[in-house]
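> Just the structure for this:
(chains A and B)
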Amino acid sequence: MMPSASRLIAMIIAALPAATVAQTLAPYAISGDGIPDSLTGQPGDATRGLALVLARSSTCILCHSGPFPEARFQGDLAPTLAGAGSRSTPAQLRLRLVDASSINPETIMPSYYRIDGFARVGSAWRDKPILSAEQIEDIVAYLASLRE
Amino acid sequence: MMRRALFVLALLGAALPAAAGEIAPSERRSGYDFMSSDTKAMQDDDTANPGMLSVLDGDTLWNTKAGAANKSCSDCHGDVSVSMKGATARYPAFNATSATPIDLGQRVNLCRTQHQEAAPLAPESSELLALTALIAKQSRGMPIIAGDDARLATSIARGRELFFQREGQLNIACSNCHDDNADRHLAGSAITQGQPTGYPIYRLEWQGMGSLQRRIRGCMTGVRAQAFDFDAADMIALELYLMSRAHGMKMDAPAVRP
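Here you go, the predicted model:
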């Protein structure tokens, strides 16, 4: 007997490689203009955060400059990161990293912890956030330490 | 009352493009304008411009018989400096057979398949880049007039829509950089307005020649979008919009770019 169409579809879905299944994001709660709680439940590591900010794959310094003269090519599309920890609370920094467009829909700052509402995402990046929850927390810890 | 509201809405709609940050015609600058004096000097001197090597290859191909028809380009078109003068400034152009715009590379390949009865040249192949570089050089100093044909209006509109559409994991539109931030720097590199005056170009970063399609694909991958396939309808529409956006600017192919 022929398997039913719905059974066939279920078999096909089960056979799909895990990579095609959307990653689930850690839930978070926005309060005011920030996300008060760590995405991982743990504080981030500021040293790892600096390394992430300087890594080209994180994309931060394509647009931002900051207090790290060792980085040769820094962008000027966005405000300097120097003093970020004096201007913003960790909760505000966290929301700006997670989804800056929720604060300003016109911003060109990518949403680093969002996977929906994008057009034509390349297959290598589809259904994945730009940064993991752990990476966001490390960067929040680093930026919060930048005080003037 | 209702009519007045509609009128105001129409006015707002008419005002929108300017509000979106499009570059005024008098403010347009070629990529050449953003370059260092060293790179400008390299482009300006034909004996130093690496793109001229591709032009020389193109000149050989222009005069080489090919395909089952055993014809060269020059057998039909004669002297390239006469027959192709200004041609590139019109491309992408409307092709009546397909009722779509086609770019210069596609035009060359139509000649190959229809008149030379030869296999089309692959996108970004050195042969196709050489022939298009040779042909584009014949439009040096001439104003871009692509898009003047009324039959291209829907395709230009589609290209414009794509230019303003955010895309990719980074969720950034062409216009976010090339209209709104063209005077700034991405990781230390000048962004430029994206005026395609000099394609195919010799790009120092590539250490080689490349078409506007290759350049667009590079930007799309940069914002982590799925790049359009070579010669896809949306790719041609975006090329066409960019050329129409540069209407009246002077061509400088084969250009050198960083």
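> can you map out the helices along chain A?
A:5-15, A:46-54, A:60-63, A:84-87, A:90-99, A:133-144 (DSSP state H).
> Tabulate those (JSON lines), appending distance to chain B.
From N, CA and C alone the C-beta is placed, and that goes for glycine too. Output for those, formatted as JSON lines (distance: least, C-beta to the nearest C-beta, whole Å):
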{"stretch": "helix A:5-15", "distance to chain B": "22"}
{"stretch": "helix A:46-54", "distance to chain B": "11"}
{"stretch": "helix A:60-63", "distance to chain B": "5"}
{"stretch": "helix A:84-87", "distance to chain B": "19"}
{"stretch": "helix A:90-99", "distance to chain B": "10"}
{"stretch": "helix A:133-144", "distance to chain B": "14"}
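> Need those in a markdown table (columns: mean pLDDT).
As requested, those are exported to a markdown table (pLDDT from 0 to 100):
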| stretch | mean pLDDT |
| --- | --- |
| helix A:5-15 | 51 |
| helix A:46-54 | 98 |
| helix A:60-63 | 97 |
| helix A:84-87 | 98 |
| helix A:90-99 | 98 |
| helix A:133-144 | 98 |
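> now those helices as a markdown table including mean neighbour count?
Shown next, in a markdown table, are those (neighbours: other C-beta atoms under 10 Å in any protein chain shown):
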| stretch | mean neighbour count |
| --- | --- |
| helix A:5-15 | 9 |
| helix A:46-54 | 17 |
| helix A:60-63 | 22 |
| helix A:84-87 | 17 |
| helix A:90-99 | 22 |
| helix A:133-144 | 24 |
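> Distance to residue B:95 added to those helices, as JSON lines?
Output for these, formatted as JSON lines (distance: least, C-beta to C-beta, whole Å):
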{"stretch": "helix A:5-15", "distance to residue B:95": "40"}
{"stretch": "helix A:46-54", "distance to residue B:95": "49"}
{"stretch": "helix A:60-63", "distance to residue B:95": "39"}
{"stretch": "helix A:84-87", "distance to residue B:95": "53"}
{"stretch": "helix A:90-99", "distance to residue B:95": "44"}
{"stretch": "helix A:133-144", "distance to residue B:95": "49"}
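> ok, whichever residue of chain A sits closest to chain B - contacts?
With C-beta to the nearest C-beta as the measure, residue A:73 is the residue of chain A nearest to chain B, at 3.4 Å. By C-beta atoms under 8 Å, 6 or more residues apart in numbering or on different chains, the residues touching residue A:73 are A:61, B:187, B:188, B:189.
> The same query, at a cut-off of 6 Å, please.
B:187, B:188 (C-beta atoms under 6 Å, 6 or more residues apart in numbering or on different chains).
> and residue B:209, how far is that from residue B:157?
Counting by C-beta to C-beta, to the nearest Å, the gap from residue B:209 to residue B:157 is 31 Å.
> what's the answer for residue B:220, then?
Separation of residue B:220 from residue B:157 (C-beta to C-beta) stands at 20 Å.
> more crowded one of the two?
More crowded of residue B:220 and residue B:157, by other C-beta atoms under 10 Å in any protein chain shown: residue B:220, with 20 against 12.
> wait, doesn't the more buried one sit right on residue B:229?
No: look at residue B:220 against residue B:229 with C-beta atoms under 6 Å: they stay out of range, at 11.0 Å.
> so residue A:107 sits right up against residue A:100, yeah?
Yes: between residue A:107 and residue A:100 there is a contact under C-beta under 6 Å: 4.9 Å.
> coming back round to it: between the helices of chain A, which gets nearest to residue B:163?
For these, the distance to residue B:163 is smallest for helix A:60-63, at 20.0 Å, taking C-beta to C-beta.
> So for the residue of chain A closest to chain B, what's the pLDDT?
You'll see residue A:73 listed with a pLDDT of 92.
> Ok, residue A:4 next?
54.
> Tell me how many other residues surround residue B:28.
Counted with other C-beta under 10 Å, residue B:28 comes out at 17.
> contacting residues around it?
Listed by C-beta under 6 Å, 6+ apart, the contact set of residue B:28 is empty.
> Can you tell me how far it is from residue B:22?
Going from residue B:28 to residue B:22 by C-beta to C-beta gives 10 Å.
> tell me the contacts of residue A:54?
Contacts of residue A:54 by C-beta under 6 Å, 6+ apart are residue A:71.
> same thing but at 7 Å, please
Contacts for residue A:54 (C-beta atoms under 7 Å, 6 or more residues apart in numbering or on different chains) come out as A:61, A:68, A:71.
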